[in-house]
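**Student:** how would this look folded up:
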Amino acid sequence: MTAFRIFVEGRVQGVGYRNFTKRVADSYGLSGWVKNLPDGRVEVYVTGDEEVLWYFIKDLMEGPPLADVKSIQIVKEGFVESTGSFDIRY
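**Tutor:** Residues are numbered from 1 along each chain as shown. Presented below is the predicted three-dimensional model:
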């Protein structure tokens, strides 16, 4: 099991990006969470099979139709937080 912390920058708040991220994560059977950050970015913590995670990240780079993703920063986590489901955090 692999864990990534992902920071997504661009027009990603107020465009359904968190809901999109949850739908995609659920479709891949991944665990973790997504939340908006005060600086306008979105933070994602996700766990799962590493190969599947790269497909998930590719989808995050695309985003929902109204989003405009400028960059994604990926940090591989050393500790895997067991969340069991994928949630939207507020």
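
**Student:** so what pLDDT did residue 80 get?
**Tutor:** Note on residue 80: pLDDT of 82.

**Student:** now do it against residue 3, distance only.
**Tutor:** For residue 80, the distance to residue 3 (CB to CB, to the nearest Å) stands at 4 Å. (Glycine included, C-beta is placed from N, CA and C.)

**Student:** what are the phi and psi angles of the closest residue to residue 35 other than its chain neighbours?
**Tutor:** Nearest non-adjacent residue to residue 35, counting by CB to CB, 6 or more residues apart in numbering: residue 89, 3.9 Å away. Note on residue 89: its backbone torsions stand at phi -100, psi 150 [degrees, to the nearest 10].

**Student:** same question, residue 48
**Tutor:** Dihedral angles (degrees, to the nearest 10) for residue 48: phi 160, psi -170.

**Student:** and residue 80 and residue 3? Which one has more around it.
**Tutor:** residue 3 (21 against 14; other CB atoms under 10 Å).

**Student:** in which helix or strand would I find the more buried one?
**Tutor:** Residue 3 belongs to strand 2-11 when elements are defined using DSSP states H and E.

**Student:** angle of the helix or strand hosting residue 45 against strand 2-11?
**Tutor:** For residue 45, the host element (DSSP H and E) is strand 42-48. Interaxial angle of strand 42-48 relative to strand 2-11 (axes from the mean of the first three to the mean of the last three CA atoms, to 10 degrees): 160 degrees.

**Student:** the protein: helices as residue ranges?
**Tutor:** 17-28, 50-62 (DSSP state H).

**Student:** hmm, residue 69 is touching residue 8, no?
**Tutor:** Yes. The pair residue 69 / residue 8 is scored as a contact, 6.0 Å apart, by CB atoms under 8 Å.
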